[in-house]
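Enquirer: Need coordinates for the following:
(one chain, ligands or ions: 1)
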Amino acid sequence: MSSQPTGPGPDSSGPTPYDASTLRPATVAVTSGRPPHEADSPLNTPITMASTYVAGGDVEYGRYGNPTWSAFEEALGDLEGGQALAFSSGLAAVATVLDLVGQGRTVVAPRHAYNGSVMQMADLESRGRIRALLVDITDTDAVVKACEDAALVWLESPTNPALEVADIATITAAAHEAGAYVVVDNTFATPLLQQPLSMDADLVVHSATKFIAGHSDVLLGALVTRDPELFDVLKKRRDMIGAVPGTFETWLALRGMRTLHVRMDRAQANAREIVRRLGEHPAVGEVRYPGFGAIISVVLAQGALAADLLTHKTRLWVHATSLGGVESTFERRRRWKSEPATIPDGLVRMSVGIEDVEDLWDDLATALDQLTGERPA
Ligand SMILES: *Cc1c(COP(=O)(O)O)cnc(C)c1O
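Expert: This is a model prediction of the structure:
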């Protein structure tokens, strides 16, 4: 056909694919999990809608695998430096890990870990399945001591929403000494800011619902490990209980991951600027920010009522739970009955998006001013 450009045809041998471990994260985010560079091959992995496959292959049935999941898993695995497994939600991944804990064994976890994870542990404990030992994750000596008879050490750093940071390397070494597995919920930091597997953790958990997918439009979870035996155990369990993701959800999350580095750069820059300005506002009692990432927790000087007023007085900031989307959202965490009483009543968790920081600040400052009736010069 004359309308086709001239050049090497499909039989020309293409370049050898890159080894992702030699590439920088931004390049991995863009290039990993793509079909090979072959003539007329689509650039994006298609959405494969299939509940079953022609018999005789490696997959056989839709609960055991899907090419779209595989593409997502390859990209996330390359970013974390391990092998990834996609789940229907973050909490499905959490449940799958906790299910591996032996009868009556101890799980050490941050008292301020994501409340859905802590609720699962409390539920298992109430049924005599495990013992949950909740610790102050910033007190490394106490955590190391608690590891002594643990089967599993659960880390989340920074924690949601207290934003406490754990010494992952030290705690991991102590846990391994005691023969315990170490899991890190890396939802807040993302693999761009923290790679727990490189600090020797056994397993990374993600709520890919958050920054990984990044657009507040899917629920998705993932586990990542470098241990092939552990991977097999987890995959068997996921497939057995059917905690598998939707195909379209994994496709959307992979599409979102293509811009993870750009989104994180902008959201983090916005967050740092907002932290600086919040610290100078008289309505603000305390600003919690670990120095990286896009989540800020702010404690209103006048407590819960002021926090509730703030979340109802903005135009850009959306009053909503969840986090990690392109749009800025916030909520008073204690509006959830499940949030522990050690989280201040007037704490507002802010998920900073990628809008223009001046617009975000104007909106926030206007609402904060109404709480104090003044605005600092
Ligand atoms: C949201 C969240 C989860 C749970 O993930 P879902 O995708 O909502 O099931 C787990 N850990 C952290 C840190 C979270 O923020």
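Enquirer: Is the ligand within reach of stretch 135-145?
Expert: No - residues of stretch 135-145 contacting the ligand under Cβ under 6 Å from any ligand atom: none, with a closest distance of 12.8 Å. From N, CA and C alone the C-beta is placed, and that goes for glycine too.
Enquirer: can you give me the mean pLDDT across that stretch?
Expert: Stretch 135-145 shows a mean pLDDT of 97.
Enquirer: give me the element the residue nearest to Met121 when sequence neighbours are not counted is part of.
Expert: Of all residues not flanking Met121 in the chain, Ala132 sits nearest, at 4.1 Å (Cβ to Cβ, 6 or more residues apart in numbering). Assigned by DSSP states H and E, Ala132 belongs to strand 131-135.
Enquirer: Would you mind listing the outside residues contacting that strand?
Expert: Contact with strand 131-135 is made by 104-111, 118, 121-122, 124-125, 142-143, 146, 150, as judged by Cβ atoms under 8 Å, 6 or more residues apart in numbering.
Enquirer: likewise stretch 208-222?
Expert: Contacts of stretch 208-222 (Cβ under 8 Å, 6+ apart): 72-73, 76, 84-94, 187-188, 190, 205-207, 245, 249-250, 252-253, 256-257, 259-260, 263-264, 294, 322-327, 329.
Enquirer: Please flag which of those sit within strands.
Expert: If you go by DSSP state E, those have 84-87, 205-207, 329 in strands.
Enquirer: filter those residues by proximity to the ligand?
Expert: Ser207.
Enquirer: Dump the ones in strands among the contacts of stretch 208-222 into a markdown table; add neighbour count and pLDDT as well.
Expert: Shown next, in a markdown table, are the ones in strands among the contacts of stretch 208-222 (neighbours: other Cβ atoms under 10 Å; pLDDT from 0 to 100):
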| residue | neighbour count | pLDDT |
| --- | --- | --- |
| Ala84 | 24 | 98 |
| Leu85 | 25 | 98 |
| Ala86 | 28 | 98 |
| Phe87 | 26 | 98 |
| Val205 | 27 | 98 |
| His206 | 28 | 98 |
| Ser207 | 29 | 98 |
| Thr329 | 20 | 98 |
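Enquirer: which among the ones in strands among the contacts of stretch 208-222 gets closest to Gly285?
Expert: Nearest to Gly285, judged by Cβ to Cβ, of the ones in strands among the contacts of stretch 208-222 is Thr329 at 21.1 Å.
Enquirer: So which of the contacts of stretch 208-222 belong to helices?
Expert: Among those, the members found in helices (DSSP state H) are 72-73, 76, 90-94, 190, 249-250, 252-253, 256-257, 260, 263-264.
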